[in-house]
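[1] sharing a sequence plus its predicted fold:
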Amino acid sequence: MRMVDSSVTLLAVDDDPSSLDLFASALEQKGLEIVTTCDPEEGLNLVLKRRPQIVLVDLIMPTMSGLDFLDRVVERDPAIDVVLITGHYSTDSAVKAIQRGACDYLTKPVDIAALRERIGSLIAEHQRRNRAQRLDGEVLDASQFEGIIGHSPQMLEVFTRIRRVAPHFRTVLITGDTGTGKELVARALHRLGPASAGRMVVANCAAIPENLIESELFGHTRGSFTGAIQDKLGLFEHADQGVLFLDELGELPLPAQTKLLRAVQQQEIQRIGSSTPQHVDVRIVAATNRDLRQQVRNRQFRDDLFYRLSMVEIRLPVLADRREDLPLLTRHFVKHFAEEYGKWIDGLTRRAELALARYRWPGNVRELENAIGHACMMTDGRKIDVCNLPDYLHGQFAQADGNDDSLLSLEEIQRLHTRRVVERMNGDKAEAAAILGVSRATLYRLLSDKVR
């Protein structure tokens, strides 16, 4: 993963060497590395090797047009700011360039003062983003608690409960939808609790066949049933002096609940086939995505076991209820997978961020992790774009706002969509221009025209 710094690389591609010399001398400044080439194919290779933040490219070149070069740059890394330069200006070509992802369109002979001002503003924007990334990194570090990410009020309350409960608990019930991080909370309770020197043993109650539950939890002696060829320790014995994490507790059948209750209450287990009870010292953390209170009312779960386990309950919020944590979680997963895959990824494009923000995340943090892992695997660029996200997220960026625009002209839809993006960005026109792929001048023109 790329380390964030304040330096900026600019690539200039033009078949005229004198133009390249002019760009290099006019733009030379501290903190800016300038790379030039007369060959567009070499320029595309330099895009991959040098990862420039800014590209200047001539529109008319003998072996490849500037628009084709633009398309291939955007395909490789949509976060690069591409400025097209031409001596043959036309409104049509300028509009096409902006629509295809260019950030600006300048004419030859180049006004050096205007070029310096435009490139200076792009450099300042990249340096601002770098500073923001450094601050985001500091916020991410400050928002981690025992491997759990969050700074929303809901998660801060969860962290407080973990701190208060961990030193004293004998039993804890963790509730929350699938993918909200129940096992992470269990591990935090173990690490911060008095049994941290012992092991934490995980029992997935939903994965144990019903006829083997008692054997898995309490063990058996040799010959106690067909196939019992040797003595077997149960999970309670494995967790002695430590923590037993009973995941998906709501899937446990009623007969097994009865036997579990005795083990939890008495701290005593008895292997199948043995007449001798054994004492254990085990702290219990149970987790479920089911409504155990409703199951108790429906006589699907023992009320005495429920009350025993739920002396302390920690409820985890769904991701849709703590959306302020989404950027933090996204950055955490990007960093993790970039390091795992050995890639140079430092974030998402604004379009990709918007797609993630619009989605409801029914699978919660686990679904987000899988989506970012997929995107990091698919991208070849510095930024993750919408096309790198799983297919089901592609439509989130382009989805309509629910209004009927079917009878509007293309021009009216363009203006209306521009206003909607600015509104979604809370009036931040720089952000809106970046998402739309247009210059700020174009954005202001679209905002100033009235939709007829």
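    Structure received.
[2] what comes into contact with stretch 353-372?
    The contact list for stretch 353-372 (CB atoms under 8 Å, 6 or more residues apart in numbering) reads 177-181, 318-320, 323, 326-327, 329-330, 333-334, 337, 348, 384, 386, 389-390, 393-394, 396-397, 399, 424, 435. In this view, the C-beta of every residue, glycine as well, is placed from N, C-alpha and C.
[3] now the helix or strand containing Lys335: average pLDDT?
    Per DSSP states H and E, Lys335 falls inside helix 326-341. The average pLDDT within helix 326-341 is 95.
[4] quick one: it to chain centroid distance?
    6 Å (CA atoms, centre = their mean, to the nearest Å).
[5] just checking, next helix/strand downstream of it?
    From helix 326-341, the next helix or strand downstream (DSSP H and E) is helix 350-358.
[6] so for that next one, what gets flagged as buried?
    Residues of helix 350-358 classed as buried under the neighbour-count rule (16 or more other CB atoms under 10 Å) are Arg350, Arg351, Ala352, Glu353, Leu354, Ala355, Leu356.
[7] okay, helices next: where are they in the stretch 1-150 of the chain?
    17-27, 40-50, 66-76, 91-99, 112-142 (DSSP state H, counting those that start in this stretch).
[8] ok, which of the ones you listed comes nearest His168?
    Smallest distance to His168 across the helices of the stretch 1-150 of the chain (CB to CB): 26.7 Å, for helix 112-142.
[9] number of nearby residues for the nearest residue to Ser439 once chain neighbours are set aside?
    Using CB to CB, 6 or more residues apart in numbering and skipping residues adjacent in sequence, the residue nearest Ser439 is Asp104, 5.2 Å away. When neighbours are counted by other CB atoms under 10 Å, Asp104 registers 23.
[10] so Asp104 touches Arg118, yeah?
    Yes: between Asp104 and Arg118 there is a contact under CB atoms under 8 Å: 6.0 Å.
[11] quickly list what's touching both of the two.
    Counting by CB under 8 Å, 6+ apart, the residues touching both Asp104 and Arg118 are Val83.
[12] just want the most central residue of the protein.
    Thr330 (2.5 Å; CA atoms, centre = their mean).
[13] any idea how far that residue is from Ile229?
    50 Å (CB to CB, to the nearest Å).
[14] and the helix holding Lys335, what's buried?
    Neighbour-count burial for helix 326-341 [16+ other CB under 10 Å]: Leu326, Pro327, Leu328, Leu329, Thr330, Arg331, His332, Phe333, Val334, Lys335, Phe337, Ala338.
[15] what angle separates that helix from helix 350-358?
    Computed by axes from the mean of the first three to the mean of the last three CA atoms, to 10 degrees, the angle separating helix 326-341 from helix 350-358 equals 120 degrees.
[16] contacting residues around helix 326-341?
    Contacts for helix 326-341 (CB under 8 Å, 6+ apart): 1, 136-137, 139-140, 143-144, 149-151, 319, 343-348, 353, 356-357, 365, 368-369, 372-373, 376-377, 384.
[17] angle of that helix against helix 112-142?
    Using the same axes, to 10 degrees: helix 326-341 against helix 112-142 is 90 degrees.
[18] restrict helix 326-341 to CA atoms and write it as CSV.
    Presented in CSV, the C-alpha positions along helix 326-341 are these (Å, rounded to 0.1, in the frame of the first residue of the first chain):
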residue,chain,number,x,y,z
LEU,A,326,-18.7,3.6,7.2
PRO,A,327,-15.7,5.7,6.0
LEU,A,328,-13.6,4.4,8.9
LEU,A,329,-14.4,0.8,8.3
THR,A,330,-13.8,1.2,4.6
ARG,A,331,-10.4,2.8,5.1
HIS,A,332,-9.5,0.0,7.6
PHE,A,333,-10.5,-2.8,5.1
VAL,A,334,-8.7,-1.0,2.2
LYS,A,335,-5.5,-0.8,4.2
HIS,A,336,-5.8,-4.5,5.3
PHE,A,337,-6.5,-5.9,1.9
ALA,A,338,-3.9,-3.6,0.1
GLU,A,339,-1.3,-5.0,2.4
GLU,A,340,-2.5,-8.6,2.0
TYR,A,341,-2.5,-8.4,-1.8
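[19] now distance to Met64 too, for the buried residues of helix 326-341, in JSON lines please.
    Shown next, in JSON lines, are those (distance: CB to CB, whole Å):
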{"residue": "Leu326", "distance to Met64": "40"}
{"residue": "Pro327", "distance to Met64": "38"}
{"residue": "Leu328", "distance to Met64": "41"}
{"residue": "Leu329", "distance to Met64": "41"}
{"residue": "Thr330", "distance to Met64": "35"}
{"residue": "Arg331", "distance to Met64": "36"}
{"residue": "His332", "distance to Met64": "40"}
{"residue": "Phe333", "distance to Met64": "37"}
{"residue": "Val334", "distance to Met64": "32"}
{"residue": "Lys335", "distance to Met64": "36"}
{"residue": "Phe337", "distance to Met64": "33"}
{"residue": "Ala338", "distance to Met64": "31"}
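[20] Phe301: which of those is nearest?
    Phe301 lies nearest to Leu329 out of the buried residues of helix 326-341, by CB to CB, at 32.0 Å.
[21] burial check on Ile229, number of neighbours?
    Residues contacting Ile229 under the criterion other CB under 10 Å number 8.
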